[in-house]
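>>> Provide a 3D model corresponding to the input given below.
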Amino acid sequence: MQFVSAEEKAQLEKKRQDLYKLQIEVQERIRKAAALGDLSENAEYHFAKEENRSVQRELAELEAKLKNVAVVSNENVPDDMVFLGHTVKLLDLDDESETVAARGETGLPSPMAALPSGAAFGSLVHGVLEESDPEAPDLRSELAAHTRTQLQWWPVGVAAEELADAPLPSPLTPLGAAASGLRLVDIPMRDRLCELDFEFPLTGGDRAETARPDVHLHDLAPLLAAHLPADDPLAPYAGLLSGALGEQSLRGYLSGSIDVVLRVPGRPADPHGHRYVVVDYKTNLLGETGVPVTSADYGHEEMAAAMLHSHYPLQALLYSVVLHRYLRWRLPSYAPEEHLGGVLYLFLRGMCGPDTPVADGHVAGVFDWSPPAALVTDLSDLLEGRA
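Numbers count the residues shown, from 1 in each chain. Prediction:
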């Protein structure tokens, strides 16, 4: 349960109404763009579809948050008592200075703390990071130029000058062991595969002679239980694949795109080889409503909870299957155990640059997960109808 003031709850409800209005507008744009025909090169249609997915995800997160809030009031609380929602000052008896008491674990201020949330902002930041050249002589100018460009597609009510420095810390944040300690700025465009589009049939697709209608989403649960150790942060996801969600049939076609695949140095035993890492950018706003966002809101446990809540483990596994099939097709010496490098979900609001805190080997804002190669290949077989 999260405790909020009446004003904070009203702000959340207003945001929900705004999102519903935005969803209607986006769906109308999709309808108009689709009416033009030839969707293969219809940029407006694809932009609108992506924005619609982002709005739906944000609405789902907001609805879940509203179900878990309780309004507290400080009315009629005596002045000599501390109650929920109070900010207190501590008096240092040595020098009589006053400081505001810390609430919870400290962390670095988020570089995006004062910026809006929502689907449009997420798409804007994603576009900036995708298009910017990490080898540009002046990275800040490079990011600022692409910010101005992306604002034409994704207006967020904030001037380009106010956004100029917001994307800068994330490329300068270490990505941890999964990326061999590199930062985004260290990985050139030649070692990136941006927007890897995919489409493949699920258990036979629409071919009656090969389709398997008996395969459902809950069939992933035994695979997770078999391959993930009990202490894996995403192991609990197997328990979420039940009810109406789990009954969904894995039939038809799956299409989408991966934000970026990074080619990074191989393991120490193979210094001349490479690993390939799936990366997904997230601008989710974690932490308490009304409290300034810091890197402490994006610790490994907090991000794992957000991953489970939003069903990101399923997305991460499907992306891993896509990468597995792509490398199997394009890499002659492909070996899943050697070349699959796991996934990085980059919660950009928690990535604060070179000094981003690291706890137990995990960088704040960087959710690293390495599903076993056998889990990825077994899931690929299941989706092909061969398991």
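>>> CA only for contacts and neighbour counts going forward, please
Will do.
>>> what's in contact with the helix or strand containing His46?
Per DSSP states H and E: His46 is located in helix 43-66. With contact meaning Cα atoms under 8 Å, 6 or more residues apart in numbering, helix 43-66 is reached by 9, 12-13, 16, 19-20, 22-23, 26-27, 29-30, 33-34, 39, 118-120, 123, 309-310.
>>> repeat for stretch 120-135
By Cα under 8 Å, 6+ apart, the residues outside stretch 120-135 that reach it are 51, 139, 142-143, 146-147, 150-151, 153-156, 167, 184-189, 194, 259-260, 281-283.
>>> now intersect these with the helices, please.
Using DSSP state H, the members of the contacts of stretch 120-135 that fall within helices are Glu51, Leu139, Glu142, Leu143, His146, Thr147, Gln150, Leu151, Trp153.
>>> tabulate those (TSV), appending neighbour count.
Formatted as TSV, the ones in helices among the contacts of stretch 120-135 follow (neighbours: other Cα atoms under 10 Å):
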residue	neighbour count
Glu51	24
Leu139	16
Glu142	19
Leu143	25
His146	21
Thr147	27
Gln150	20
Leu151	22
Trp153	14
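>>> flag whichever of those scores worst on pLDDT.
Among those, Glu51 has the lowest pLDDT, at 77.
>>> just the buried positions in stretch 119-131, please.
Judged by neighbour count using 16 or more other Cα atoms under 10 Å, the buried positions of stretch 119-131 are Ala119, Ala120, Phe121, Gly122, Ser123, Leu124, Val125, His126, Gly127, Val128, Leu129, Glu130.
>>> so for that stretch, mean pLDDT?
Rounded mean pLDDT across stretch 119-131 is 90.
>>> which strands or helices does the lengthiest strand in the chain pack on?
The longest strand of the chain (DSSP state E) is strand 252-265. When contacts are defined as 3 or more Cα pairs under 8 Å, 6 or more residues apart in numbering; DSSP states H and E, strand 252-265 packs onto strand 192-202, strand 274-282.
>>> pull the CA atoms of the helix holding His46 into PDB?
Extracted in PDB, the C-alpha atoms of helix 43-66 (Å, rounded to 0.1, in the frame of the first residue of the first chain):
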ATOM      1  CA  ALA A  43       5.700   6.200 -41.000                       C
ATOM      2  CA  GLU A  44       2.700   8.000 -39.400                       C
ATOM      3  CA  TYR A  45       0.900   4.700 -39.000                       C
ATOM      4  CA  HIS A  46       3.900   3.000 -37.300                       C
ATOM      5  CA  PHE A  47       4.600   5.900 -35.100                       C
ATOM      6  CA  ALA A  48       1.000   6.000 -33.900                       C
ATOM      7  CA  LYS A  49       0.900   2.300 -33.300                       C
ATOM      8  CA  GLU A  50       4.000   2.500 -31.100                       C
ATOM      9  CA  GLU A  51       2.600   5.400 -29.200                       C
ATOM     10  CA  ASN A  52      -0.600   3.500 -28.700                       C
ATOM     11  CA  ARG A  53       1.300   0.600 -27.200                       C
ATOM     12  CA  SER A  54       3.100   3.000 -24.900                       C
ATOM     13  CA  VAL A  55      -0.100   4.600 -23.800                       C
ATOM     14  CA  GLN A  56      -1.700   1.300 -23.000                       C
ATOM     15  CA  ARG A  57       1.300   0.200 -20.900                       C
ATOM     16  CA  GLU A  58       1.300   3.500 -19.000                       C
ATOM     17  CA  LEU A  59      -2.400   3.200 -18.400                       C
ATOM     18  CA  ALA A  60      -2.000  -0.300 -17.000                       C
ATOM     19  CA  GLU A  61       0.700   0.800 -14.700                       C
ATOM     20  CA  LEU A  62      -1.300   3.800 -13.500                       C
ATOM     21  CA  GLU A  63      -4.400   1.800 -12.900                       C
ATOM     22  CA  ALA A  64      -2.400  -0.700 -10.800                       C
ATOM     23  CA  LYS A  65      -0.900   2.200  -8.800                       C
ATOM     24  CA  LEU A  66      -4.300   3.700  -8.100                       C
END
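>>> between that helix and strand 252-265, how many degrees?
Helix 43-66 and strand 252-265 are oriented at 90 degrees to each other (axes from the mean of the first three to the mean of the last three Cα atoms, to 10 degrees).
>>> how far off centre is helix 43-66?
What separates the centre of helix 43-66 from the centre of its chain is 13 Å, taken as Cα atoms, centre = their mean, to the nearest Å.
>>> now it: buried residues?
Buried, per 16+ other Cα under 10 Å, within helix 43-66: 45-52, 54-59, 61-62.
>>> okay, now the unreliable bits of the stretch 101-250 of the chain?
Per-residue confidence for the stretch 101-250 of the chain (pLDDT under 70) gives these ranges: 101-106, 204-213.
>>> mean neighbour count, the helices and strands packed on strand 252-265: which tops it?
strand 274-282 (a mean of 21; mean count of other Cα atoms under 10 Å).
>>> wait, which of the helices and strands packed on strand 252-265 is closest to Leu346?
With distances scored as Cα to Cα, the stretch of these nearest to Leu346 is strand 274-282 (5.0 Å).
>>> show me where the stretch 251-387 of the chain has strands.
Assigned by DSSP state E, counting those that start in this stretch, the stretch 251-387 of the chain shows strands spanning 252-265, 274-282, 340-347, 358-359, 362-363, 366-369.
>>> each with direction, which strands does the first one pair with?
Looking back up the chat, that one is strand 252-265. Looking at strand 252-265 with DSSP bridges, its partner strands are strand 192-202 (antiparallel), strand 274-282 (antiparallel).
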